[in-house]
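>>> give the three-dimensional model of this entry:
(one chain, ligands or ions: 2)
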Amino acid sequence: VASRLPKVGTTIFTVMSRLAQECGAINLSQGYPDFNAEDLLFERVAHWMRAGANQYPPMAGVPALREAIARKVEALCGTAYDVDSEITVTAGATQALFTAVAALVHPGDEVIVFEPVYDSYAPAIELQGGTVVRMRLSAPDYRPDWAAVAAAITPRTRMIMINSPHNPTATVWSADDMAQLAALTRDTGIVVVSDEVYEHIVFDGVRHESCARHPELAARSLIVSSFGKTYHITGWKVGYVVGPRELMAEFRKVHQFNVFTVNTPVQHALADYMADASRHLGLAAFYQDKRDFFRNAMAASRFELLPSRGTYFQLARYHALSDLPDTAFCEYLTREVGVAAIPVSAFFADGHDDRVVRFCFAKNEDTLAQACERLTRLT
Ligand code: PMP
Ligand code: GLN
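Ligands and ions are numbered 1, 2, ... in the order given. Down below sits the predicted model:
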């Protein structure tokens, strides 16, 4: 067949989770919790199913959920989004990102991304005939080079896709980064798509710099989040996008024919669950404990841990352990050591390999302890 994505294979997350399962390895590769969400959330879903909330909700999402999202974003970021015209519930962040690109990128448009880049961005851009412009973030700091970004902007630049806290590097952008982004996109017509799925997982008392905190950026941004990350329900595939009315109108033109809308009882249940803000506000401390547990247990190993400032990921260099490229090393770890991880080269178009692997610490302490016991045995 004449493939639209000739260079794309199966995503690394599927590949590594499958291998982990085949080998009976502890799966610290694909990012998802190995613990369950609270019973209350399931009770709310059952409640709404029995109450008859089982038919199509409004195209943009259940009003109560959009109201809860508006309240949360305003409380945290100070920007008020209109419930009717500026918030849309999506089938996870993946659909929100894909739909945003499909709605706004024309053939020949350039879209700037920061590499290592989450693996769904480039295919979404290429399917629309857009050109991916990659800004390299380099180990061990992975800081954006704003002078290089300025030099990469052309009259064809249509969009910049950002992601803080960042998967896979676990870096977090500062207020200064956001000011640089605002300055570079001022008076340009460039749209920012801000992937903030890890917005509530920022460590050490640092504040998440949402585009919604920066009025100038908010005015030209579609901001994407995901309930999967926030409430430990990655398999439910529910997220949302907020943005100014004109951008959201374009987003919805595609959304209505892409998925039309998202499953009703789950949206109602999430609206109920969001009423208690401690559930998202407590997430940073919850995951900081796991990060610290994992890092402490790994301190005895010969892995060199990079900083983890947000997300539920930890990068590790393995220079003292092996000369293998990262993909081969991850396969070895999974098959021979019994712990699966993600090779960071999978986030680079050219397979750039700093010999760094990504571990997911969204796991019970028992799981982490057992994995670290295996990883520290490696010499
Ligand atoms: N963006 C990033 C940076 C992610 O890490 C993920 C999930 N791993 C997604 C988007 C997709 O989120 P969802 O599962 O809600 O589609
Ligand atoms: N975002 C998750 C990760 O980085 C994976 C999601 C997926 O498998 N598509 O591990």
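>>> name the residues that touch the helix or strand encompassing Ala284?
Using DSSP states H and E, Ala284 sits in helix 283-298. Outside helix 283-298, the residues that touch it by Cβ atoms under 8 Å, 6 or more residues apart in numbering are 200-204, 230, 305, 308, 312, 314, 316, 359, 361-363, 365, 368-369, 372-373, 375-376. All C-beta spots, glycine's among them, are computed from the backbone N, C-alpha and C.
>>> buried sites along it?
283-284, 287-288, 290-291, 293-295, 297-298 (16 or more other Cβ atoms under 10 Å).
>>> which phi and psi values does whichever residue of the stretch 251-379 of the chain sits closest to ligand 1 adopt?
Ligand 1 sits closest to Thr311 of the stretch 251-379 of the chain, with a gap of 7.4 Å, by Cβ to the nearest ligand atom. Dihedral pair for Thr311: phi 70, psi -180, per degrees, to the nearest 10.
>>> from what I can see it touches Glu199, true?
No - if you go by Cβ atoms under 8 Å, Thr311 and Glu199 don't touch, sitting 10.3 Å apart.
>>> which neighbours do the two share?
Pro165.
>>> quickly find the element holding Val254.
Counting by DSSP H and E, Val254 is found in helix 245-258.
>>> equivalent analysis for Ala369, please.
Going by DSSP H and E, Ala369 is in helix 365-377.
>>> cool, Ala320 as well?
Using DSSP H and E, no helix or strand contains Ala320.
>>> distance of it from Ser301?
9 Å (Cβ to Cβ, to the nearest Å).
>>> which one's more surrounded, those two?
Set Ala320 next to Ser301 and count neighbours by other Cβ atoms under 10 Å: Ser301 wins out with 20 against 11.
>>> out of everything not next to it in sequence, what's closest to the more buried one?
Thr376 (4.2 Å; Cβ to Cβ, 6 or more residues apart in numbering).
>>> enumerate the residues of this structure near ligand 2.
Within the chain, the residues that sit near ligand 2 (Cβ under 6 Å from any ligand atom) are 11, 13, 30-31, 167.
>>> try 5 Å this time
The chain comes close to ligand 2 at residues 13, 30-31, as judged by Cβ under 5 Å from any ligand atom.
>>> let's see which of the residues you listed end up in strands.
If you go by DSSP state E, those have nothing in strands.
>>> can you classify Pro144 by secondary structure?
Under DSSP: H, G, I helix; E, B strand; the rest coil, Pro144 falls in the coil class.
>>> do you know how far it is from Asn163?
Going from Pro144 to Asn163 by Cβ to Cβ gives 11 Å.
>>> need the overlap of contacts for these two.
Common neighbours of Pro144 and Asn163, using Cβ under 8 Å, 6+ apart, are Phe114.
>>> between these two, who's got more neighbours?
Asn163 (26 against 20).
>>> wait, the more buried one touches Ser120, no?
No - shown here, Asn163 and Ser120 do not form a contact pair, counting by Cβ under 8 Å, at 10.9 Å.
>>> count of neighbours near the residue of the stretch 251-379 of the chain closest to ligand 1?
By other Cβ under 10 Å, neighbour count at Thr311 equals 29.
>>> ditto for Ala271
For Ala271, the count of nearby residues is 21 (other Cβ under 10 Å).
>>> distance of Ser301 from ligand 2?
Noted for Ser301: a distance of 22 Å to ligand 2, by Cβ to the nearest ligand atom, to the nearest Å.
>>> ok, and for stretch 232-251, which residues are buried?
232-234, 236-244, 247-248, 250-251.
>>> about what we covered before: generate a PyMOL selection restricted to the buried subset of the contacts of helix 283-298.
To isolate the buried ones among the contacts of helix 283-298 in PyMOL, judged by 16+ other Cβ under 10 Å, type:
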select buried, resi 200+201+202+203+230+305+308+312+314+316+359+361+362+363+368+372+375
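>>> picking that back up, just give me the closest of the buried residues of helix 283-298 to Val62.
Distance ranking of the buried residues of helix 283-298 against Val62, using Cβ to Cβ, places Leu283 first at 22.7 Å.
>>> got a list of what the residue nearest in space to the middle of the chain touches?
Residue closest to the average C-alpha location in the chain (Cα atoms, centre = their mean): Val197, at 4.4 Å. Contact analysis of Val197 by Cβ under 8 Å, 6+ apart lists 93, 163, 167, 224-226, 228-229, 239.
>>> got the phi/psi numbers for it?
Dihedral angles for Val197 - degrees, to the nearest 10 - are phi -60, psi -20.
>>> now it, nearest residue through space, not along the chain?
Nearest non-adjacent residue to Val197 (Cβ to Cβ, 6+ apart): Ser226, at 4.2 Å.
>>> that neighbour contacts Gly239, doesn't it?
Yes - judged on Cβ under 8 Å, Ser226 makes contact with Gly239 at a distance of 3.9 Å.
>>> please enumerate the shared neighbours of these two.
Shared contacts of Ser226 and Gly239, counting by Cβ under 8 Å, 6+ apart, come down to 92-93, 197.
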